[in-house]
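> Sequence first, then the predicted structure:
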Number of protein chains: 2
Amino acid sequence: MSEHKPLILITNDDGITAHGIRTLVDLMKQLGSVVVVAPNSPQSGMGHAITIANPIRLYPSDIFGDVPAYECSGTPADCVKLAKNHVLKDRTPDLVVSGINHGSNSSISVLYSGTMSAAIEAAIEGIPAIGFSLGDFTHNPDFSHTHEHILAIARNVLERGVERGTALNVNFPARTAEPLKGIKICRQANAKWQEVFDERRDPHGRRYFWLAGDFVNFDTHAEDTDEYALSQNYTSVVPCKYDLTAYTMVDTLKDWDM
Amino acid sequence: MSEHKPLILITNDDGITAHGIRTLVDLMKQLGSVVVVAPNSPQSGMGHAITIANPIRLYPSDIFGDVPAYECSGTPADCVKLAKNHVLKDRTPDLVVSGINHGSNSSISVLYSGTMSAAIEAAIEGIPAIGFSLGDFTHNPDFSHTHEHILAIARNVLERGVERGTALNVNFPARTAEPLKGIKICRQANAKWQEVFDERRDPHGRRYFWLAGDFVNFDTHAEDTDEYALSQNYTSVVPCKYDLTAYTMVDTLKDWDM
């Protein structure tokens, strides 16, 4: 690690009052100077949304004591943008960490995840970034088994950096009686959510729907995926990039008659 | 094209009353049976957001005459999920088209785009999908120069399909005096938005911010990008995938000491 104390920006998508971000603040204070810019309300499922049709509010918060913190009315991606361009002005963070999310962001969930979109937003800015998520979406889960891996992964990223344009998607299994077996580097499992829309009537007789669903993993025979690692009680690490180009299809398309 | 009339699902992110979706409905009626499920309000910049903390409303709409249409309170990705699982029930569309977006979704904007997230949501479901966007964000732009390319691209996708897990990101330059030169198959340009937060005071004296910014293209010397094609008055087509794994970094990470 370089001589200066690293500057670490922390955000999340569960909101600034969530237990997960508090854990992350406590851990990152061991590694550097911490600044928090996080949503003022839960933003789960916001994906890479940004706020362009409405004004954004930003207020200082003393929720973390002497750690400088701001609560923001925007999305996780907005938080990173505001932090970089307004709060930190000419200081660029050495690391952006997002989370710890209450709930898994493995496999296809990376696309819907506000936690990971904050990390990818940082990657777009050329800042090393990590999103941390725990496979337990309760209000007050036990994060204690994740501490050692969080510190190890963050230390490595601070020392070594990441490939430009990438961010790490780190997922932990929910705590069990057994300790975590270790850290596995993985690819994103090919999976989807099989939606079930729960149809109800409101007190005025009008229909509404709740989005719910079951996770379907098409990669059940593969052992190199994040889902497999998590099922074996490992922490999964998937490097993610924001270039969505499907290079394998570019040449096929060039042969089309258009 | 197969014997049966193809079933084409149409959505967008500018909302069901936008001019762009009306153009797309008129064009797709030439190719198959059309069903529309689109947001009831503008959803620009929603990225791959989904609605999990709130109920979703869905109402039939006669806005397109005899074309079955539904307006939905959710995001573009919600619209595709609701269409597949509720509106169409056991019928799977042969094609999902999204747009025509009022504004470009080329390069990095693909990540923030509700238009493209709807297309990618369809790709997750294994349905061929295309997002169409015009580099003109006015309320009532001239789409007439895009018609021929939209029909050609949609016909090709209906006939040939796409690689499983991909969706096409199609962008058109704004109309000029010159006709479009043709269609170019491209990769996503490496670029970002350099944000400028416009700080103001509301009538109560409280600060707020507008997110604004300038587009910065790091790929100005490359000729294989969507930005280059658009700058030369071509229609750009980028095949996009939802596997975000940065495979080039997997082996590097395996050597880390964690």
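Alright, I've got the coordinates.
> Return the distance of the residue nearest to A:Ser144 when sequence neighbours are not counted relative to A:Ile130.
In space, and not counting its chain neighbours, A:Ser144 is closest to A:Arg175: 7.1 Å by C-beta to C-beta, 6 or more residues apart in numbering or on different chains. Backbone N, C-alpha and C define where each C-beta goes, glycine included. A:Arg175 sits at a distance of 20 Å from A:Ile130 (criterion: C-beta to C-beta, to the nearest Å).
> Those two: who's more crowded?
A:Ile130 (24 against 17; other C-beta atoms under 10 Å in any protein chain shown).
> mean confidence for stretch A:198-217?
For stretch A:198-217, mean pLDDT rounds to 92.
> List the buried residues for the lengthiest helix in chain A?
Counting residues, the longest helix in chain A under DSSP state H turns out to be helix A:147-160. For helix A:147-160, burial by neighbour count (16 or more other C-beta atoms under 10 Å in any protein chain shown) applies to A:His149, A:Ile150, A:Ile153, A:Ala154, A:Arg155, A:Asn156, A:Val157, A:Leu158.
> Which SSE is immediately downstream of that helix?
Downstream of helix A:147-160, the next assigned helix or strand under DSSP states H and E is strand A:166-172.
> What about chain B: which of the buried residues of helix A:147-160 touch it?
A:His149, A:Ile153, A:Asn156 (C-beta under 8 Å from any C-beta of the partner chain).
> ok, the second one touching A:Val170?
Yep, that's A:Ile153 we're talking about. Yes - counting by C-beta atoms under 8 Å, A:Ile153 touches A:Val170, with 6.0 Å between them.
> shared neighbours, these two?
Listed as contacting both A:Ile153 and A:Val170 by C-beta atoms under 8 Å, 6 or more residues apart in numbering or on different chains are A:Ile130, A:Val237.
> for the host helix or strand of A:Ala118, packing partners?
Here A:Ala118 sits within helix A:114-124, counting by DSSP H and E. Applying 3 or more C-beta pairs under 8 Å, 6 or more residues apart in numbering or on different chains; DSSP states H and E, we find helix A:114-124 packed against helix A:76-82, strand A:95-102, strand A:129-134, strand A:166-172, strand A:235-241, helix B:109-112.
> The first one packs against which elements?
It refers to helix A:76-82. strand A:7-11, strand A:33-39, strand A:69-72, helix A:114-124, strand B:191-201, strand B:207-217.
> List the buried residues of the fifth one.
When you say that, I think you mean strand B:191-201. B:Ala191, B:Lys192, B:Trp193, B:Glu195, B:Phe197.
> out of those residues, who's near chain A?
Within these, those near chain A by C-beta under 8 Å from any C-beta are B:Lys192, B:Glu195, B:Phe197.
> So for the last one, what's the nearest residue that isn't a sequence neighbour?
Leaving aside its chain neighbours, B:Phe197 sits nearest to B:Phe209 (4.5 Å; criterion: C-beta to C-beta, 6+ apart).
> now do A:Met116
A:Gly131 (4.3 Å).
> my guess is the one you found meets A:Thr166, correct?
No - using C-beta under 8 Å as the test, A:Gly131 is too far from A:Thr166 to be in contact (11.7 Å).
> With neighbour numbers in mind, choose between the two.
Taking other C-beta under 10 Å, A:Gly131 and A:Thr166 do not tie; A:Gly131 has more neighbours (32 against 26).
> The more buried one and B:Ala38: what is the separation?
Per C-beta to C-beta, A:Gly131 is found 31 Å from B:Ala38.
> same question, A:Glu159
Noted for A:Glu159: a distance of 48 Å to B:Ala38, by C-beta to C-beta.
> which ones are touching the closest residue to chain B within the stretch 51-200 of chain A?
Going by C-beta to the nearest C-beta, chain B is nearest to A:Pro55 of the stretch 51-200 of chain A, at 3.9 Å. By C-beta under 8 Å, 6+ apart, A:Pro55 lies in contact with B:Arg200, B:Asp202, B:Tyr208, B:Phe209, B:Trp210.
> what do you get for A:Tyr112?
Applying C-beta under 8 Å, 6+ apart, the residues near A:Tyr112 are A:Gly45, A:Gly47, B:His48, B:Ala49, B:Ile50, B:Ala77.
> Please repeat the previous calculation with a cut-off of 6 Å.
With contact taken as C-beta atoms under 6 Å, 6 or more residues apart in numbering or on different chains, A:Tyr112 is in contact with A:Gly45, A:Gly47, B:His48, B:Ile50.
> ok, and the most crowded of these?
Going by other C-beta under 10 Å, B:His48 tops the contacts of A:Tyr112 with 29 neighbours.
> pretty sure that one is in contact with B:Ala118, am I right?
No - with contacts counted by C-beta atoms under 6 Å, B:His48 stays clear of B:Ala118, the gap being 9.1 Å.
> any low-confidence regions in chain A?
A:1-3 (pLDDT under 70).
> Which one of the contacts of A:Tyr112 is nearest to B:Ile100?
B:His48 (19.6 Å; C-beta to C-beta).
> re the thing from before, what two of the contacts of A:Tyr112 are the furthest from one another?
A:Gly45 and B:His48 (8.9 Å).
> what does stretch A:158-173 contact?
Residues outside stretch A:158-173 that contact it (C-beta under 6 Å, 6+ apart) are A:1, A:6, A:95, A:104, A:106, A:110, A:116, A:119-120, A:123, A:128-135, A:146, A:153, A:230, A:233, A:235-241, B:246, B:249.
> Most neighbours among the contacts of A:Pro55, which one is it?
B:Phe209 (24 neighbours).
> Quick check: that residue vs A:Asn156, distance?
For B:Phe209, the distance to A:Asn156 equals 35 Å [C-beta to C-beta].
> same question, A:Trp193
The separation that A:Trp193 has from A:Asn156, given C-beta to C-beta, amounts to 31 Å.
> Also A:Ile124?
For A:Ile124, the distance to A:Asn156 - C-beta to C-beta - is 21 Å.
> Then A:Gly47?
27 Å.
> swap in A:Val196?
Taking C-beta to C-beta, one finds A:Val196 at 40 Å from A:Asn156.
> ditto for A:Asn12
21 Å.
> Repeat that for A:Asp214.
To A:Asn156, A:Asp214 is 35 Å away according to C-beta to C-beta.
> quick one: stretch A:53-73 to chain centroid distance?
19 Å (C-alpha atoms, centre = their mean, to the nearest Å).
> quick one on the thing from earlier: ranking the helices and strands packed on helix A:76-82 by burial, who's on top?
Of the helices and strands packed on helix A:76-82, the one with the most neighbours on average (mean count of other C-beta atoms under 10 Å in any protein chain shown) is helix A:114-124, at a mean of 30.
> Can you pull out the residues in contact with it?
Taking C-beta under 6 Å, 6+ apart as the rule, helix A:114-124 contacts A:11, A:13, A:43, A:46-48, A:76-77, A:80, A:96, A:98-99, A:101, A:105, A:110, A:129, A:131, A:133, A:165-167, A:169, A:242, B:192.
> what does stretch A:137-154 give?
By C-beta under 6 Å, 6+ apart, stretch A:137-154 touches A:19, A:23, A:27, A:31, A:100, A:102-103, A:134, A:170, A:172, A:175, A:180, A:183, A:235, B:258.
> Many thanks, have a good one.
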